[in-house]
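K.L.:
Model the following, please.
(2 chains)
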There are 2 protein chains.
Amino acid sequence: MAKFVYFFGGEKTEARADMKEIVGGKGANLAEMCNLGMPVPAGFTIATTACDHFYKNKKKWPKGLKEEIQKNLKKLESVMKTKLGDPNKTLLVSVRSGAAASMPGMMDTVLNLGLNEKVIEGLVKKTGNERFAWDAYRRFIQMFGDVVMNVPHYAFEEILEKKKKAAKAKSDTDLSTQDLKDVVKQYKAIYKKVTKENFPDDAWTQLEKSINAVFISWNNDRAITYRKLNDIKGLIGTAVNIQSMVFGNMGETSGTGVCFSRDPSTGENKFYGEYLMNAQGEDVVAGIRTPLPIATLARQDKKQYEELVGLKDKLEKHYADMQDMEFTIQEGNLYILQTRSGKRTAAAAVKIAVDMVKEKLITKEEALMRIEPEQLDQLLHPMFDAKAEKNAETIAKGLPASPGAATGRIVFNAHDAEVWAERGEKVVLARIETSPEDISGMNAAVGVLTSRGGMTSHAAVVARGMGTCCVAGVGEIKIDYKSKTIKVGKLTLKQGDYLSLNGSTGAVYKGQIKTVEARLSGNFQTLMKWADEARRLNVRTNADTPGDSATAVKFGAEGIGLCRTEHMFFEEDRIISVRKMILADDTGGRVKALKELLPLQRKDFEGIFKAMGNRPVTIRLIDPPLHEFVPQDEASQKKMAKVLKVSPAVVKAKVADLHEFNPMLGHRGCRLGITYPEIIKMQAQAIIEAAINVKKLKIDVHPEIMIPLVGELGELEFCKQIIEKTIKEVFAKKKTKVNYMIGTMIEVPRAALIADEIAKEAEFFSFGTNDLTQMTCGFSRDDAGKFLKEYVEKGIFEKDPFQVLDQEGVGQLVKMGIQKGRSTRKNLKVGICGEHGGEPSSVAFCHRAGMSYVSCSPFRVPIARLAAAQAAIAEKQANRKMKKK
Amino acid sequence: MAKFVYFFGGEKTEARADMKEIVGGKGANLAEMCNLGMPVPAGFTIATTACDHFYKNKKKWPKGLKEEIQKNLKKLESVMKTKLGDPNKTLLVSVRSGAAASMPGMMDTVLNLGLNEKVIEGLVKKTGNERFAWDAYRRFIQMFGDVVMNVPHYAFEEILEKKKKAAKAKSDTDLSTQDLKDVVKQYKAIYKKVTKENFPDDAWTQLEKSINAVFISWNNDRAITYRKLNDIKGLIGTAVNIQSMVFGNMGETSGTGVCFSRDPSTGENKFYGEYLMNAQGEDVVAGIRTPLPIATLARQDKKQYEELVGLKDKLEKHYADMQDMEFTIQEGNLYILQTRSGKRTAAAAVKIAVDMVKEKLITKEEALMRIEPEQLDQLLHPMFDAKAEKNAETIAKGLPASPGAATGRIVFNAHDAEVWAERGEKVVLARIETSPEDISGMNAAVGVLTSRGGMTSHAAVVARGMGTCCVAGVGEIKIDYKSKTIKVGKLTLKQGDYLSLNGSTGAVYKGQIKTVEARLSGNFQTLMKWADEARRLNVRTNADTPGDSATAVKFGAEGIGLCRTEHMFFEEDRIISVRKMILADDTGGRVKALKELLPLQRKDFEGIFKAMGNRPVTIRLIDPPLHEFVPQDEASQKKMAKVLKVSPAVVKAKVADLHEFNPMLGHRGCRLGITYPEIIKMQAQAIIEAAINVKKLKIDVHPEIMIPLVGELGELEFCKQIIEKTIKEVFAKKKTKVNYMIGTMIEVPRAALIADEIAKEAEFFSFGTNDLTQMTCGFSRDDAGKFLKEYVEKGIFEKDPFQVLDQEGVGQLVKMGIQKGRSTRKNLKVGICGEHGGEPSSVAFCHRAGMSYVSCSPFRVPIARLAAAQAAIAEKQANRKMKKK
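P.N.:
This is a model prediction of the structure:
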């Protein structure tokens, strides 16, 4: 005859960790702990096969199930030395679902099963806690009525609410024992009214009905939808776990606590936790009584403490990870209720992983796989003091656009930011949105706040590049430049008021909050070394200045994947020349202005080449539309006209002429170089002359010139020809040569579609996944904030595709581009330089797609290094599995 | 021994039409005419194999070639009864290249070979035309010197220019015989100076050197580049054609003319042409003497005339097409110099094709393949009187945005256009660019002129839809709304001045030009009937009003492929409600405004359903971003605030809030429906209620509801669910049902990439290739005018991808979308509703890609019908060829 029930705890546990299919995930876990010799409250699991039979046979139990359950119940009573329904030595049980796959909260649970008024009497005697007993009973009736008998939930809620009102109780805990007794009475009345039955006092009736309710919950709407959404297929039903309940509030020899096998905040290998005697789990969490540190237990009850330490050692060793455990002592008997991998801070995660390798508990590979790459970000930026942040007043919430914490005084424009910062103030720059003109101000500020724009808006991208904290797109706040105020609801903040930003959560706080500086530990360096050994992908950085480049090298960057030349154009000494160039009436005028820019750009490149040493540097030629460089408002136009010695009308007309409806799809990228070849000629000259100058310092320079926004081979040919001609001229003039490459960004969908053509002329590809995402999905990253948030909330997109690469859509084009590109040029170097280059799941995609490198902002380089290592290890593991099969 | 020379003319022609590989294209054509018995001036062709040998053997002739040439030269002299170098009965020959593939103008030609001073004397005696003889000699020396001996071209030009200056001659023809004699002397001197040789008098030397020059020109830079660009491969060399020259100016029994086998302007089957006696071909063209109509020849020389008629009948029958022929009579002998298919007007093309089917000269399929679909456009729009247009003053040139001709008085805004038109004025509406607010004005105008925007700018798209003439993007003109003037260079036009536009060429003229109305002939209808029999693709129309729908049905539309609901929103009775909806603070306010719109939209749809009868109607739900509906300038905002009874600040703030950086990639399409479900709910209700109302009139309505800008299945699911719920409610309320479909546009690249997913919910696909092109190529159609023109000029793009579907890039996504869509839903209905649906090569692509239908503006429906027929026939022909193989 088929076996339907598996006992766990006591002397013999019948299931094993690998029997999930039969006893479900929870059943298997309980069995595993029992097999490890943990003192788990005993119980038994009804197999999924019983549920299967139930559905296949008009909701009837298979033959023999009842007898098996009764037999196991007897065994349970004997192990626990209690008896279901016995007021003197009462056994209470929980009835819980548990399928082979985790479906948290989707199916039903009944707790405190076994209670009736007689049992309560006994319970009160034992615990001396009358209120607890009646509250448990009230909850049991409500849960059983709702879950098992379909008594409407609100019927119970109504009774409770009325009682609270009558008793002037704010919360449930304010109700007296008498109140609860009244509630139980009314609960029973409504139960009878709805079900036409009395509430069952008989424990077996309670149990039988509860088991059926769990079986039935396998096919409730929520559970079916959850399985569909999560693509859970092929399961035959749920198991049912019937486990004895234990209580920590049964007097002074009872207690309960939560503990960690190591310190979850520092990672130190030190037993850590809190407990309370004569209390329930809720009491520890609720904060009504102050729990004691676990070390106190050593003094209070050495034996219990030592037993607990022994158990935690055993569990940590078994699971080879830091454990978060719940325990209860019931009348001097210690029980482990649950154990799981403990949540930890980034610093702790790194320390624990490295320590465990040293302790030979785990391998280096396992250590690397343990760390959430995204978590490392915490280690690289200043953070708020946790307690101080908790007590601060949140006034709004925006997008966590650039991580870290910032506290400073509010200013409203770049100029003020610079002036205030120079006199030693910490400032937060508040803008409706930022533009390239704000960069110096953003650099001077400790934090940036914008009321518009998404995760890849200008503010977000630039701030991340700088490592400056930024909260973007805070729609609730109104920033008014004229009055220099921020309004949120009824609150008005003025210039100079203090404001704090958490760039990792998007929270905006009023006033100052204490911040804690970042420090990189030796363990961090060790872990990174291991990551570098494991990964195949190279990791480069997106950097536009020698300063950023140096930061990135410090964080382990192996080259520059994207150096945006136009950011340099905004600096005070050159913006005038840039504007002269744009305003020029003809090629001659432009060439003249470009001559002024040449030495400045050359100097920029020299600085970057020096900072990067022998590492390759990919320089993107001018990309943004020219109107980004000219002022839009009348006052600034007048000022500019004066400097340039033309009439304001000329400036105004030119600016109007440069206006575009959709600049993202307009006259930019290589299109500028095709209309104004003299611009890219100057840039090529500056790059190569700089390379030659730096080569003289015995640095092995590797400039890689990158042409943006190519969508057709002809564009690349046209630009490449100009660049190569220029380079030849420089070589001839300087009588020396340097190695260089000419490649292109793949950021227009068409470029990916015809990548086999493009690769005829491109020596390397760099996927600009920001623009590629914009065009493939049709989302302007400056505007999509308005609806993308809603999309993610409504579940239309799982993730913001500007943050996490859309592998299904954009990813198809990336893979196609690589495959087609390499069909023409076998060893084509391929990288990514969009924001996704520093996002772990996207880095893993880049690894699988066969890219040569990823490139990201300096502060994300360590994250990318770890993510790349994890991708390589995951691949290795998958290969090993394949081989085994 | 290999044969290298092939004779043609006289009694025996040695080559045939199918020997292109050996005698080249020209040689084969000449042979074919000879084989037909045409009196072609005799000659011979040196085979391509000789050229091959020449290159493979250090530029030496193969053995026996010299002898073969001499033998054939003798034969030629005998056939022509003349002799090379003989002053009394002189033979002059031309030496021309001619490879198997056409390479026009890429290789060298020498004319008048055989001349020297003695021969000239004889020639003068015969023609009595001394000046002609010396001019011929001068040209020969220049051509031979340049082409054969590499005497720099400019050396000859310099001599000629100096002489002209000295003689005060404006053009070459003003030089006297003595002047020409002087030139010849100086030419010979410079020839000697450069080549260190005397100019050869010996005819054989002239011939030998010329043949070598032609061989060598096969591998000149131009020819190599041309072959590379045009992908001409596998050819071994050029043939050389040596043909006797004939002259129409050898006295009164000589003459020359050009004639057509039918009237090229009406298509009438009537011999048509012009000629001059004692004249050269140039004289007929130059217009110095007035040529006589060919009919006059019947009176002047009946025999010659009848011979010519006989020849043209034979040629037309042989080529089964109207022929354009050049003939020369030399001393009473008639020669045909060239015949080719004649150029013709659209009307003539249609008449000739239909007539020839009736005459059993060609099949219906051939008739259909003969007509350039684009040409039909001429028949559908008013045109300028050709002579009047020729004499008009062109002041600027823009893009030929919507075909036809328009003459009217200039107005500068939609309001004036309407007012002036109402009082009976024909007006041309001049705008910097148009917006949806201008539509009523565009409708009232006979023509639209814009200074900005490309072929798919708002003005262009709307004008084409209306069939209104439009010239767009005329960058040279400055339109000033304030002063109501147009400035072009120094010219200023004021409001009320007359202006004329040719929307088929992009020309802008000052003043009035006489226009000719379009008329659709019976032949046109016949041809269209044949096209309908031949095509597989259905042809629908893009129409937004009952009027447009009726026009399209008249032109043969089989349904509506795109009805843009938002165009209706701009009409005066509803724009207020639309703005109320946009300005509403909450869903309640929006619902209230939408209630006002519902009956109006329902009425719109009823009108369209009635106009379309039983044909399917695809209605696209709201697509443009909401800011298109609100006024941007302060004055209009104030006005709007007053109407809506809110403060101007409220309007201003809302408008500012709606601003987007890249509206094309912003909050539009289905994204609006997801944020404001109540809008699409109202539209679905209006559509279905209208369908039910029209069904009551015994019309079999087929509404197809189309959701725009879908890029992810979730978007479609969300909208579809709202629509279906609404429809169910309408059905329940009205107690009746109608058939309907719900589908989507594929216009975001991502939608094509995941079309298999999208097809799970979409019952049909319609490719919105305007947007798909924008996003795939990264070109904003409103801005790309600035650089796309340059791209086409620089050859980076062959065609503007907004006019002609980019099959290489965008086409890949279209094919992928269809294939993936049908992998999920086998019989998925697929159409195209972008501007490309009316462009012949794009229609052919749609046929090959397996689409179900194309949809285009009403006036392009006949073009699409013909193009679809041609695509089907081409496929059939290719299949037949395949079968034969």
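
K.L.:
Next, the contact list for A:M107, please.
P.N.:
A:S97, A:A99, A:V214, A:S217, A:W218, A:N220, A:A223, A:T238 (CB atoms under 8 Å, 6 or more residues apart in numbering or on different chains). In short, each C-beta sits where N, CA and C put it, glycine included.

K.L.:
Between which two of the residues you listed is the distance greatest?
P.N.:
A:A99 and A:N220 (12.8 Å; CB to CB).

K.L.:
Looking at these two, which is more packed in?
P.N.:
The residue with more neighbours, out of A:A99 and A:N220, is A:A99; 25 against 13, by other CB atoms under 10 Å in any protein chain shown.

K.L.:
picking that back up, any of the contacts of A:M107 buried? List them.
P.N.:
Buried members of the contacts of A:M107, counted by 16 or more other CB atoms under 10 Å in any protein chain shown: A:S97, A:A99, A:V214, A:S217, A:W218, A:A223, A:T238.

K.L.:
Pick out the residue in the stretch 351-500 of chain A sitting closest to chain B.
P.N.:
Proximity of the stretch 351-500 of chain A to chain B (CB to the nearest CB) peaks at A:E433, 8.8 Å away.

K.L.:
State the pLDDT value of that residue.
P.N.:
At A:E433, the pLDDT value in this model is 87.

K.L.:
Contact residues of the stretch 551-700 of chain A facing chain B?
P.N.:
The interface of the stretch 551-700 of chain A toward chain B, taken as CB under 8 Å from any CB of the partner chain, is made up of A:E660, A:F661, A:N662, A:P663, A:M664, A:L665, A:G666, A:H667, A:R671, A:I674, A:T675.

K.L.:
Same list (the residues you listed) but as a markdown table, adding distance to B:G64, neighbour count and secondary structure.
P.N.:
Shown next, in a markdown table, are these (distance: CB to CB, whole Å; neighbours: other CB atoms under 10 Å in any protein chain shown; DSSP: H, G, I helix; E, B strand; the rest coil):
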| residue | distance to B:G64 | neighbour count | secondary structure |
| --- | --- | --- | --- |
| A:E660 | 69 | 20 | coil |
| A:F661 | 71 | 20 | coil |
| A:N662 | 69 | 22 | coil |
| A:P663 | 70 | 21 | helix |
| A:M664 | 69 | 22 | helix |
| A:L665 | 65 | 28 | helix |
| A:G666 | 66 | 25 | coil |
| A:H667 | 63 | 20 | coil |
| A:R671 | 59 | 27 | helix |
| A:I674 | 54 | 20 | helix |
| A:T675 | 58 | 15 | helix |
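
K.L.:
Same list (those residues) but as JSON lines, adding distance to A:R519 and pLDDT.
P.N.:
Formatted as JSON lines, those follow (distance: CB to CB, whole Å; pLDDT from 0 to 100):
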{"residue": "A:E660", "distance to A:R519": "47", "pLDDT": "91"}
{"residue": "A:F661", "distance to A:R519": "49", "pLDDT": "90"}
{"residue": "A:N662", "distance to A:R519": "46", "pLDDT": "93"}
{"residue": "A:P663", "distance to A:R519": "42", "pLDDT": "93"}
{"residue": "A:M664", "distance to A:R519": "40", "pLDDT": "93"}
{"residue": "A:L665", "distance to A:R519": "45", "pLDDT": "94"}
{"residue": "A:G666", "distance to A:R519": "46", "pLDDT": "94"}
{"residue": "A:H667", "distance to A:R519": "47", "pLDDT": "94"}
{"residue": "A:R671", "distance to A:R519": "47", "pLDDT": "96"}
{"residue": "A:I674", "distance to A:R519": "50", "pLDDT": "94"}
{"residue": "A:T675", "distance to A:R519": "50", "pLDDT": "92"}
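
K.L.:
Would you point out the most distant pair within those?
P.N.:
Pairwise distances across those peak at 20.5 Å for A:F661 and A:I674 (criterion: CB to CB).

K.L.:
quick revisit: point out the least confident one among the buried ones among the contacts of A:M107.
P.N.:
Comparing these by pLDDT, A:A223 comes last, at 89.

K.L.:
Which of the three states applies to that one?
P.N.:
Here A:A223 is helix, with the state taken from DSSP: H, G, I helix; E, B strand; the rest coil.

K.L.:
Could you list which residues are in contact with it?
P.N.:
A:M103, A:M106, A:M107, A:S217.

K.L.:
Format the residues you listed as CSV; extra columns: distance to A:S440.
P.N.:
As requested, the contacts of A:A223 are exported to CSV (distance: CB to CB, whole Å):
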residue, distance to A:S440
A:M103, 53
A:M106, 54
A:M107, 58
A:S217, 61
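
K.L.:
Report the separation between the two terminal residues of stretch A:528-541.
P.N.:
16 Å (CA to CA, to the nearest Å).

K.L.:
what's around A:A691, how many residues?
P.N.:
When neighbours are defined as other CB under 10 Å, A:A691 has 26 of them.

K.L.:
who touches the strand or helix carrying it?
P.N.:
According to DSSP states H and E, A:A691 maps onto helix A:677-695. Residues outside helix A:677-695 that contact it (CB under 8 Å, 6+ apart) are A:565, A:581, A:587, A:590-591, A:594-595, A:597-598, A:601-606, A:609-610, A:619, A:621-622, A:672-673, A:701, A:703, A:705, A:707, A:719, A:722-723, A:726-727, A:729-731, A:734, A:736, A:738, A:740.

K.L.:
So which of the residues you listed sit within strands?
P.N.:
Mapping the contacts of helix A:677-695 onto strands (DSSP state E) picks out A:I619, A:P703, A:I705, A:I707.

K.L.:
what's the most distant pair in these?
P.N.:
Across these (CB to CB), the longest gap, 13.3 Å, separates A:P703 and A:I707.

K.L.:
The residue in the stretch 51-200 of chain A that chain B sits nearest to: neighbour count?
P.N.:
Relative to chain B, the nearest point of the stretch 51-200 of chain A is A:M106 (21.6 Å; CB to the nearest CB). For A:M106, the neighbour count with other CB under 10 Å is 20.

K.L.:
Would you point out which residue is most central in chain A?
P.N.:
A:E374 (6.3 Å; CA atoms, centre = their mean).

K.L.:
Roughly how far does that one sit from A:F797?
P.N.:
Using CB to CB, to the nearest Å, A:E374 is found at 19 Å from A:F797.

K.L.:
One more: A:N391?
P.N.:
35 Å.
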